[in-house]
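1. Build the 3D model from these lines:
(2 chains)
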Amino acid sequence: MRTIRSTHRRAAVLAGFTAVALAASPGLTACSSTSSSSSAAGNSSGSASVPSVPAGAVYQFDDQRNQNTDTTTDPAVFKNTAVRIQLSDDLAKAVPAGKKLDVKSFTLTTKGFPSGMCRTDIDIEYAPGGLEVLKSYSTEYSYYDSKGVRIVKKATVPERVGLGIGVGPTSSVSAVPSDDSLKKGDFITEDFSHITSVAQCGEEVAGL
Amino acid sequence: MYIPVNRSTSPFAHAAVQTSKDPNDPALSVTGEVNGADIGVSGKWEPASSSNS
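-> Sure, this is the predicted structure:
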């Protein structure tokens, strides 16, 4: 029997940081922004309002690395634009037989504030049937449990939608937080369509 | 974040995303990784059209 610990290495690293995280920081004023107004201010209606992205701002893992062997790949950097993350056609062809994608793409925008905080908004575009599949599991780890794997960690909400946001507890919200009510943390809308991550600029906002 | 395959428990690919340190010059850096075990390779990934043919 295998034992599954959190797949989110960074979540463990930042556990102490989270404990002393900033309290609410209302009234933040943006310095400048790569985010569209539709994504950053109250968009909670789902994938239909995913921001548009120029062709050059689609990240398709063309310069990806093998997670087990390659630690040298430089990141792709995107300024003043929303960024869409999705699989290239070639990678989609390599999806293991019998499996299908749950998420078609993630679209990210970010905005900085004079306080040094940044908000990153993530719109999730689900593949057909993907959201229903994810909702059918009460927790990510119920899947492991069904496979006879001992569970050592409770799932968090973003893990249910396949996001590894590791900076602290995630709150389920009815609407995306506005700039005037921002506080540090991660917030996912109740319909699983959007996540807002608020953290110190320069921090990794999502991923392992 | 993951680009999940089938379930979020099977992250075929994922991307680490980081904001820039300067709030006046916001940017996103993205580093993507793929699960070598899922795609059947042990070294650096190459596009399926050349490595999996």
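
2. Read off the pLDDT value for A:Cys118.
-> Reported pLDDT at A:Cys118 in the predicted model: 94.

3. can you pull out the helices in chain A?
-> Counting by DSSP state H, chain A has helices at residues A:9-13, A:15-19, A:37-40, A:89-93, A:130-135, A:140-146, A:157-160.

4. Out of those, which gets the lowest mean score?
-> Among these, helix A:15-19 carries the lowest mean pLDDT (a mean of 19).

5. pLDDT weak spots in chain B?
-> Under the criterion pLDDT under 70, the flagged ranges of chain B are B:1-2, B:5-11, B:35-53.

6. Could you list the buried residues of stretch A:78-88?
-> Neighbour-count burial for stretch A:78-88 flags A:Phe78, A:Thr81, A:Ala82, A:Val83, A:Arg84, A:Ile85, A:Gln86, A:Leu87, A:Ser88 (criterion: 16 or more other C-beta atoms under 10 Å in any protein chain shown). Every C-beta, even on glycine, is put in place using the N, C-alpha and C of the backbone.

7. Just give me the closest of these to A:Ala97.
-> Nearest to A:Ala97 out of the buried residues of stretch A:78-88 is A:Leu87 (C-beta to C-beta; 15.8 Å).

8. pretty sure A:Arg84 is in contact with A:Tyr59, am I right?
-> Yes - if you go by C-beta atoms under 8 Å, A:Arg84 and A:Tyr59 touch, sitting 6.9 Å apart.

9. all strands for chain A, in order.
-> Remark: strands assigned in chain A by DSSP state E are A:3-4, A:58-59, A:65-66, A:76-79, A:83-85, A:103-112, A:117-126, A:150-151, A:170-173, A:185-189, A:194-200, A:204-206.

10. Leaving out sequence neighbours, find the closest residue to A:Trp56.
-> Wrong residue type there; residue A:56 is Gly, not Trp. The spatially closest residue to A:Gly56, leaving aside those adjacent along the chain, is A:Thr81, at 7.8 Å (C-beta to C-beta, 6 or more residues apart in numbering or on different chains).

11. so that neighbour makes contact with A:Ala57?
-> Yes - using C-beta under 8 Å, A:Thr81 is in contact with A:Ala57, at 4.4 Å.

12. Between those two, which contacts overlap?
-> By C-beta atoms under 8 Å, 6 or more residues apart in numbering or on different chains, A:Thr81 and A:Ala57 have no common neighbours.

13. Out of the helices and strands in chain A, which is least certain?
-> The weakest-scoring helix or strand in chain A, judged by mean pLDDT, DSSP states H and E, is helix A:15-19 (a mean of 19).

14. before we move on, back to that, format the strands of chain A as TSV; extra columns: distance to A:Val133.
-> TSV is the format used below for those (distance: least, C-beta to C-beta, whole Å):
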stretch	distance to A:Val133
strand A:3-4	19
strand A:58-59	24
strand A:65-66	26
strand A:76-79	29
strand A:83-85	20
strand A:103-112	10
strand A:117-126	9
strand A:150-151	20
strand A:170-173	19
strand A:185-189	17
strand A:194-200	18
strand A:204-206	21
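
15. Which among those is found nearest to A:Ala97?
-> Nearest of the strands of chain A to A:Ala97, taken as C-beta to C-beta: strand A:103-112 at 19.1 Å.

16. what about that closest one and chain B, touching?
-> Yes - contact of strand A:103-112 with chain B (C-beta under 8 Å from any C-beta of the partner chain) involves A:Val103, A:Phe106, A:Leu108, A:Thr110, A:Lys111, A:Gly112.

17. and those residues as JSON lines, adding neighbour count?
-> JSON lines is the format used below for those (neighbours: other C-beta atoms under 10 Å in any protein chain shown):
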{"residue": "A:Val103", "neighbour count": "24"}
{"residue": "A:Phe106", "neighbour count": "25"}
{"residue": "A:Leu108", "neighbour count": "31"}
{"residue": "A:Thr110", "neighbour count": "28"}
{"residue": "A:Lys111", "neighbour count": "26"}
{"residue": "A:Gly112", "neighbour count": "26"}
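
18. Enumerate every residue touching A:Phe106.
-> A:Phe106 makes contact with A:Arg84, A:Ile85, A:Gln86, A:Ile122, A:Asp123, A:Ile124, A:Glu125, A:Leu163, B:Met1, B:Ile3, B:Ala15 under the criterion C-beta under 8 Å, 6+ apart.
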